[in-house]
Structure formats: C-alpha cells, structure tokens
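Novice: give the three-dimensional model of this entry:
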Amino acid sequence: MLDILDDRQLAQSARRNPDAFGVLYDRYFARIYRLVSAHTQNLAQTEQLTEEVFFNALSELKRYRPARQDFFSWLRGIALMSLSARGLKVRPDRHGPRPDSGYQSAGRPAPIRPRLPTLSAAAAVPLPPTDEGPDIVYALGR
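Specialist: All right, here's what the predicted structure looks like:
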C-alpha cells in the first residue's frame, strides 16, 4: 500500500514508520548507487558510501522540506556532501544547467573564455646573465 504514495507522503510517514522509509530506499537506491559509484574508486567504497547516504537521510528526515525540493534532490545533496567529506572530488553535472556567473543577472553578456590554455604575458624567458647590471626578463605576449 505504501508503494502508491508519493515521496512527500512517504517522507511524512517515514518520520513515524520506518517501513515507509524502506519504500523510499527501494525507490532511490539504484540512482544513488550510480551517483556514488561515478565518484568512487571501488565497489566496497561505493557500497559503504551508499549505505551512509541512506543512514544519514533516515536520521535527518525531520529536516526534509518537500516545499523546497523533491526527495531525490535532497538525497543527492546528502550523497554529494558525503563524497566531499571523504575527500572525493565531486564533478559537476555535464548535462545539467550551468550556474549563473552573475553576468546575465546584471544584464551583461557572459565573457567568452578560451577552450584551450593560451600563452599569456605571464610567461617569461630570462636572458643569459651579463656583467652589466641586473638580469633582464622579456615577457612573451600574443
């Protein structure tokens, strides 16, 4: 019967009844496992972190606010925090929306950034030493 409830109703029920959290666990285990495994090195670490995510979610269920975000987004946030706490690098979503850098909100176009690094004026080549005064450094520009 719990399978037909939506996430918001299940989260409210899970605060009183752990069986309702079991339905949420079954519903989102595969997605969280894939998310964690994309950032970890081995199977044991993936399983341990996935378990940690759901344990933390159950213990912090009282903090879930359905009006702010859906349940998977909340779980995903817990997973990313667990990965970061372990020192694992969290890659941004490649297909998701990119965060606004502030240029668009200010009404200006975003700056165009080069795709590949280019040689800049910061690269300098020292000349051979001379006996006449300090060393001279020529900067290379574009």
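
Novice: going by C-alpha atoms from here, please, whenever you check contacts or count neighbours.
Specialist: OK.

Novice: just the strands in the chain please.
Specialist: Remark: strands assigned in the chain by DSSP state E are 124-126, 137-139.

Novice: out of those, which gets the lowest mean score?
Specialist: Of all the strands of the chain, the minimum mean pLDDT falls on strand 137-139 (a mean of 51).

Novice: where along the protein do the helices fall?
Specialist: 7-14, 18-37, 43-59, 71-85 (DSSP state H).

Novice: which other residues reach the last one?
Specialist: Among residues not part of helix 71-85, those counted as contacts by Cα atoms under 8 Å, 6 or more residues apart in numbering are 7-8, 28, 32, 35-36, 39, 49-50, 52-54, 56-57, 64, 89-90.

Novice: now residue 61: closest residue in space, sequence neighbours ignored.
Specialist: residue 15 (6.7 Å; Cα to Cα, 6 or more residues apart in numbering).

Novice: any idea how far residue 67 is from that neighbour?
Specialist: Going from residue 15 to residue 67 by Cα to Cα, to the nearest Å gives 17 Å.

Novice: coming back round to it: any idea which of the helices of the chain is most buried?
Specialist: Highest mean neighbour count among the helices of the chain (mean count of other Cα atoms under 10 Å): helix 7-14, with a mean of 18.
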